[in-house]
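**Student:** Here's a sequence, model it:
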Amino acid sequence: MDAVTPRASSRIKDPERTKADILAVATEEFAAFGLSGARVDAIAERTRTSKRMIYYYFGGKEGLYLAVLEKAYADIRQVEADLDLGNVSPAEAIRRLVEFTFDYDEAHPDFIRLVAIENIHRAEHLAGSETIRGLNLGVIQTITDIIARGQREGLFRPDVDPLDVHLMISALCFFRVSNRHTFGAIFSVDLGAPDLRARHKRMVGDAVVGMLALR
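**Tutor:** Okay, the predicted model is just below:
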């Protein structure tokens, strides 16, 4: 009978850590190669598990891909929920949300690539996830609450849809990462340059707060 290595033994005893390791490596694999190009064998090799174990935990390649998407959205929403935006002015709360989104997207290019890949698939996997829908209700409620405070204080316009605000924040922050290489090649600009990054961060905050301001 084959001997059980210490590492294999630890995985048997700690399935949650094993699943976390698989998800971390799978995130990189799917972000780099997409759903069709990613290889479960490569994920198994890098995590020193087996294809059979991955299928046992996640039900197959598409199940693993959906689990990666769910974790990617859960990660950003968890940090977002800890921002404590209720204790600052409405305008500052919106600006902090913008700056968080900007910094998070810049620091997590794999998240941006995963979202772009899922859009190529017309969200057919994400659409079946109640988990992802539930996770994203939180940010809309956060924006709704901030806007309501701003309106009560006579600072924000009355005709604002929270979903539109979320779209505006997401679009302006997402584009810088998703289109960094094409934009940079066309216009000979480095979007990763610190001075330009800082300027764009202020610009996005100004644009969203300015759009909300009561005139």
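
**Student:** hey, let's count contacts and neighbours off CA atoms from now on
**Tutor:** Noted.

**Student:** Can you tell me how far R133 is from Y55?
**Tutor:** 25 Å (CA to CA, to the nearest Å).

**Student:** how near is K201 to R77?
**Tutor:** In terms of CA to CA, K201 sits 20 Å off from R77.

**Student:** Which one's more surrounded, those two?
**Tutor:** More neighbours surround K201 than the other of K201 and R77, with 20 against 16 (other CA atoms under 10 Å).

**Student:** Pretty sure the more buried one sits against F100.
**Tutor:** No - K201 lies out of contact with F100 (CA atoms under 8 Å); the separation is 9.8 Å.

**Student:** what residue ranges in this protein score low on pLDDT?
**Tutor:** Applying pLDDT under 70 to the chain flags residues 1-13.

**Student:** repeat that with 90
**Tutor:** Applying pLDDT under 90 to the chain flags the ranges 1-15, 84, 215.

**Student:** Tell me which residues are up against stretch 157-170.
**Tutor:** 98, 101, 139-140, 143-144, 147, 151, 204, 208, 212-215 (CA atoms under 8 Å, 6 or more residues apart in numbering).

**Student:** Could you rerun that using 10 Å?
**Tutor:** For stretch 157-170, contacts defined as CA atoms under 10 Å, 6 or more residues apart in numbering pick out 94-95, 97-99, 101-102, 105, 139-148, 150-152, 171, 173-174, 204-205, 207-209, 211-215.

**Student:** Which parts of that stretch count as buried, going by neighbours?
**Tutor:** Within stretch 157-170, the residues that count as buried by 16 or more other CA atoms under 10 Å are R157, P162, V165, H166, M168, I169.

**Student:** Dump those residues to TSV, plus distance to I186.
**Tutor:** Listed next are these as TSV, based on distance: CA to CA, whole Å:
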residue	distance to I186
R157	37
P162	33
V165	29
H166	28
M168	24
I169	24
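
**Student:** quick revisit: now, which of the contacts of stretch 157-170 lie within strands?
**Tutor:** Secondary structure from DSSP state E places none of the contacts of stretch 157-170 in strands.

**Student:** Any idea how far apart the tips of stretch 107-126 sit?
**Tutor:** Stretch 107-126 end-to-end distance (CA to CA) = 23 Å.

**Student:** let me fix that: stretch 30-46
**Tutor:** End-to-end for stretch 30-46, by CA to CA: 14 Å.

**Student:** What are the contacting residues of that stretch?
**Tutor:** 21-29, 47-55, 60-62, 64-66, 68-69, 109-118, 120-121.

**Student:** As a check, name the ranges of all strands in this structure.
**Tutor:** Going by DSSP E, the chain shows no strands.

**Student:** Burial check on I94, number of neighbours?
**Tutor:** Neighbours of I94 (other CA under 10 Å): 25.

**Student:** was I right about it contacting I146?
**Tutor:** Yes - I94 lies in contact with I146 (CA atoms under 10 Å); the separation is 7.3 Å.

**Student:** That'll do, ta.
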